[in-house]
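Participant: Need coordinates for the below:
(one chain, ligands or ions: 2)
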Amino acid sequence: MYSVDCSGCPIVEVPQRSRVSGLNGVAKSESAILTRIAALLVPHPRGYTLPQALYCDPDIFELDLRRIFYRNWLFVGHISQIPRAGDFITYEIGGESLVLLRTRAGSIRALFNVCRHRGARICNHPAGHMSALVCPYHQWTYDLDGTLVAARNCGADFDANGCSLAPASVRVTEGFIFVCLDGPPPDFTVVEQDLHQHLTLHELEGVRVCHTRSYLVRANWKLLDENARECFHCAGSHPEYCGAVMSAGATTPREVELAAHIQAEKEAEWRFLGFDVRQKPFAPGTFHSVSRYALRPGVVTESLDGQPVAPRLGGLPTLDAGVVGIGIYPSLLAETCSDYAVTLRFTPRAVDITEVEMAWLVRSDAKEHEDYEIDRLTAVWRATAEQDWKLCELNQLGVRSTRYRPGPYASNEWGCRHFIDWYLEELVGRPSLTASPSRSIAREP
Ligand code: FES
Ligand code: FE
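Facilitator: Residues are numbered from 1 along each chain as shown. Ligands and ions are numbered 1, 2, ... in the order given. So this is what the prediction gives:
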């Protein structure tokens, strides 16, 4: 695992063997790969981890990019990263690069970072400000909306129409920016409704990124998604997180019962205060989850001592607002307490390398050293994330062994099964096959 403490993405040196193609790139016949996957899945029972090749094979990784990452909504950042017209961030996924920028009209656009003259990459910085997009090769110049406005030596009859930069789909919801590279994008309406329901009082449009941290985790992206979909491992691995979140550390039936009791009590309190606490867990056919859950008694945020580490967010009527957990396949895990939010963006870089960019967000008027300290603000999630990346790397080491075989998810790993079902549906157009084995211990929550 490598980490970079920075305000932008690190330069990622990806091994030559893992260089990947863009939207149209096909390393090998797609039908041959699909035939191979179908053969791998025929004996694969529902409720089990995937066959080895789906975690380790570079050709299947290419298919993951084309069928999962180019076709779904990807979280890229927060609106506070591009507040003024001309501010931009870039985002790279597979062989594609996007420029996310604020237009003069105040909207946010996503443009493919590919010049319409001879195809050079235009913008080569992770973030910054520009008055126009100027290609470094022959200086074709584009307005912030992607329209070509200058092209030298192209003759009087040159028609600039049709030479705008190619756009990608963009949605901004509760301050979070999502893009989809290859249309038509999935319907995002319910996701937006559920995010709004749970986050409206947090007013996340009014926060700003105060700290980022990037990691290169030596594991296939699906192992990170699976890890994020269960808290079976929490009690044994996350002392800081379990010190804050009531249900995370509950292992015995008595502890589980107590956590459920406190959750019910808190929900009643929150409802009285005006929160809409209808939980939206991952459900069949969905690719998102938003839930508010209780912290331990006396704990009001995810900090080492349970006390606030930043000013209260937005219009929350109480500091004791629990934590809202958000998951959106395939690239976002986020949580927000009453004083800060944290986002984890998963970007696959190779079949066995996943980049995670973490961002911490506080109220836009909060001042470092007066209202918050970075070390205190980030302590719980920094520890928790680094513990997770080690587990994911150990998982990758195991799944590449000759003795690896798919194993059964436990009953409290139902989120992993949901993720695998969604993944296989997206990859090969059908859920994770066949009936559950008779000895399966997996079940719905
Ligand atoms: Fe961009 Fe020539 S490739 S101006
Ligand atoms: Fe974890």
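Participant: in which helix or strand would I find I420?
Facilitator: Element membership for I420 (DSSP states H and E) is helix 414-428.
Participant: Just the buried residues of that helix, please?
Facilitator: 414-424, 426-428 (16 or more other CB atoms under 10 Å). Just so you know, the C-beta spots here come from the backbone N, C-alpha and C atoms, and that holds for glycine as well.
Participant: Of those residues, which ones also sit close to ligand 1?
Facilitator: Filtering the buried residues of helix 414-428 for proximity to ligand 1 (criterion: CB under 6 Å from any ligand atom) leaves nothing.
Participant: Now render those residues as TSV, adding pLDDT.
Facilitator: Putting the buried residues of helix 414-428 into TSV (pLDDT from 0 to 100) gives the following:
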residue	pLDDT
W414	93
G415	94
C416	96
R417	95
H418	95
F419	96
I420	95
D421	93
W422	95
Y423	96
L424	94
E426	94
L427	94
V428	91
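Participant: what about L313, which SS state?
Facilitator: Under the three-state scheme (DSSP: H, G, I helix; E, B strand; the rest coil), L313 adopts coil.
Participant: Could you list the low-confidence segments of the chain?
Facilitator: For the chain, the stretches flagged by pLDDT under 70 are 1-28, 430-445.
Participant: So which residues on it come close to ligand 1?
Facilitator: Residues of the chain that fall close to ligand 1, judged by CB under 6 Å from any ligand atom: 115, 117-120, 135, 137-140.
Participant: Just put the residues you listed in CSV and tack on secondary structure and neighbour count.
Facilitator: Below are these laid out as CSV (DSSP: H, G, I helix; E, B strand; the rest coil; neighbours: other CB atoms under 10 Å):
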residue, secondary structure, neighbour count
C115, coil, 22
H117, coil, 17
R118, coil, 10
G119, coil, 10
A120, coil, 14
C135, coil, 20
Y137, coil, 13
H138, coil, 13
Q139, coil, 12
W140, coil, 23
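Participant: just the strands in the stretch 101-250 of the chain please.
Facilitator: Listed in chain order, the strands of the stretch 101-250 of the chain (DSSP state E, counting those that start in this stretch) span residues 108-112, 127-129, 133-134, 141-142, 148-150, 167-173, 176-180, 207-217.
Participant: Could you dump these into CSV and include mean neighbour count and distance to Q307?
Facilitator: Compiled in CSV, those are given as follows (neighbours: other CB atoms under 10 Å; distance: least, CB to CB, whole Å):
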stretch, mean neighbour count, distance to Q307
strand 108-112, 22, 36
strand 127-129, 14, 33
strand 133-134, 20, 46
strand 141-142, 20, 49
strand 148-150, 16, 53
strand 167-173, 17, 30
strand 176-180, 22, 27
strand 207-217, 21, 18
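Participant: Hmm, F176 and H196 touching each other?
Facilitator: No: with contacts counted by CB atoms under 8 Å, H196 stays clear of F176, the gap being 11.3 Å.
Participant: what distance separates the start and the end of stretch 182-189?
Facilitator: Distance between the two ends of stretch 182-189: 18 Å, counting by CA to CA, to the nearest Å.
Participant: List the buried residues of it.
Facilitator: By 16+ other CB under 10 Å, the buried positions in stretch 182-189 come out as 182, 185, 188.
Participant: ok, the second one to ligand 1 distance?
Facilitator: Just to be clear, that refers to P185. Note on P185: its distance to ligand 1, by CB to the nearest ligand atom, to the nearest Å, is 28 Å.
Participant: Provide a list of residues in contact with that residue.
Facilitator: Taking CB atoms under 8 Å, 6 or more residues apart in numbering, we find P185 in contact with 71-73, 169.
Participant: So which of these wins on neighbours?
Facilitator: Among the contacts of P185, the one with the most neighbours (other CB atoms under 10 Å) is W73, at 25 neighbours.
Participant: In space, what's closest to that one - neighbours in sequence excluded?
Facilitator: Ranked by CB to CB, 6 or more residues apart in numbering and with sequence neighbours excluded, the top spatial neighbour of W73 is F178, at 4.4 Å.
Participant: Am I right that that neighbour is in contact with P186?
Facilitator: No: the pair F178 and P186 fails to qualify as a contact (CB under 8 Å) at a distance of 10.5 Å.
Participant: Output the strands of the stretch 101-250 of the chain as TSV; include the columns distance to L316.
Facilitator: Supplementary listing: the strands of the stretch 101-250 of the chain in TSV, determined by distance: least, CB to CB, whole Å:
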stretch	distance to L316
strand 108-112	26
strand 127-129	30
strand 133-134	39
strand 141-142	42
strand 148-150	45
strand 167-173	19
strand 176-180	18
strand 207-217	12
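Participant: what's the closest of these to K367?
Facilitator: Within the strands of the stretch 101-250 of the chain, the stretch nearest K367 is strand 207-217; the backing value is 9.8 Å (CB to CB).
Participant: Against which helices or strands is the closest one packed?
Facilitator: strand 2-6, strand 74-78, strand 353-363, helix 374-399 (3 or more CB pairs under 8 Å, 6 or more residues apart in numbering; DSSP states H and E).
Participant: hmm, 6 Å instead?
Facilitator: With contacts taken as 3 or more CB pairs under 6 Å, 6 or more residues apart in numbering; DSSP states H and E, strand 207-217 sits against strand 2-6, strand 353-363, helix 374-399.
Participant: who touches the spatially closest residue to A150 that is not a sequence neighbour in this structure?
Facilitator: Among residues not flanking A150 along the chain, T141 sits closest, at 3.9 Å (CB to CB, 6+ apart). When contacts are counted by CB atoms under 6 Å, 6 or more residues apart in numbering, T141 touches 132, 134, 149-150.
Participant: Kindly recompute the last result at 10 Å.
Facilitator: By CB atoms under 10 Å, 6 or more residues apart in numbering, the contact set of T141 is 122, 131-135, 147-152.
Participant: between those, which is closest to A383?
Facilitator: Within the contacts of T141, distances to A383 taken as CB to CB reach their minimum at I122, with 39.3 Å.
Participant: My guess is the closest one contacts L133. True?
Facilitator: Yes: I122 is within contact range of L133, at 5.3 Å (criterion: CB atoms under 10 Å).
Participant: Between these two, which contacts overlap?
Facilitator: Shared contacts of I122 and L133, counting by CB under 10 Å, 6+ apart, come down to 99, 111, 113, 115, 140-142, 165.
Participant: Skipping adjacent residues, who's closest to R118 in space?
Facilitator: Closest residue to R118 apart from its sequence neighbours, by CB to CB, 6+ apart: Y137 at 6.7 Å.
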